[in-house]
Every structure is written in structure tokens, then in C-alpha cells.
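J.: Show me the folded form of this:
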Amino acid sequence: SKTIVTDRCIYIDIRPWGSMSTIISHTFLTHQKRPSVGVAGMLLCAILSDTLNLQGPTTTEWDRLMVATLSEIAAVDDIQFLASQ
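T.: Numbers count the residues shown, from 1 in each chain. Modelled structure (predicted):
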């Protein structure tokens, strides 16, 4: 059988945001957890990539908020330079 069987229900978090990394970042913060500098940097890069440097049509205010938060945690001063790399 090709059916997935689990012992417990599977939790799925789907939101109309520009990046799944925005959802993951939001989850960190709502659980009052601070991602490490490295994880914050990876999430930041993923959001910038998925949202075309926050210029893509699927970009939301949540994406912008998480980029601002993650750039502070990851100590990234120049988002434009990071996005161009």
C-alpha cells in the first residue's frame, strides 16, 4: 500500500505567505524561541530567495517582518547586498 500510516495526527501549517521560511520563523517566535545566528541567516536567505528579495507578487507583510527580525538576529546590516549574492 502507498498510504502513509502514522501513530498520531500530522500537523500541517499552511499560510498565504511568500515563503515557508516565514512560517518557520514565525513558529520560532510564537514559541518564544530565538533561532541561532546560523539558522536565522539560513531562514533569512530562504525568505529573500522565495520572495525575490521581497519584490515578488506573493510577498506579504509577514515576510517583511520576519526579514527585519531575522536580519537583526543574524547581524545582517545590508539586506540588498545579501540578496544580490
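J.: what residues are up against Thr3?
T.: The contact partners of Thr3, by C-beta atoms under 8 Å, 6 or more residues apart in numbering, come to none. Where you see a C-beta, it was placed from the backbone N, CA and C, and this is true even at glycine.
J.: Pick out the residue nearest the middle of this structure.
T.: Ser21 (2.2 Å; C-alpha atoms, centre = their mean).
J.: tell me which element that one falls in.
T.: Taking DSSP states H and E as the definition, Ser21 sits inside helix 20-30.
J.: Packing partners of that helix?
T.: With contacts taken as 3 or more C-beta pairs under 8 Å, 6 or more residues apart in numbering; DSSP states H and E, helix 20-30 sits against helix 37-50, helix 61-73.
J.: Now render these as TSV, adding distance to Leu29, mean pLDDT and mean neighbour count.
T.: Output for these, formatted as TSV (distance: least, C-beta to C-beta, whole Å; pLDDT from 0 to 100; neighbours: other C-beta atoms under 10 Å):
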stretch	distance to Leu29	mean pLDDT	mean neighbour count
helix 37-50	11	98	19
helix 61-73	7	98	18
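J.: Redo those as a markdown table? Include distance to Trp17.
T.: Rendered in a markdown table, the data for the helices and strands packed on helix 20-30 read as follows (distance: least, C-beta to C-beta, whole Å):
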| stretch | distance to Trp17 |
| --- | --- |
| helix 37-50 | 9 |
| helix 61-73 | 5 |
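J.: picking that back up, how about the helix holding Ser21: buried residues?
T.: For helix 20-30, the neighbour count (16 or more other C-beta atoms under 10 Å) marks 21-22, 24-26, 28 as buried.
J.: OK, contacts around the residue nearest to the centre of the chain?
T.: Neighbouring residues of Ser21 by C-beta under 8 Å, 6+ apart: 42-44, 46-47, 50, 66.
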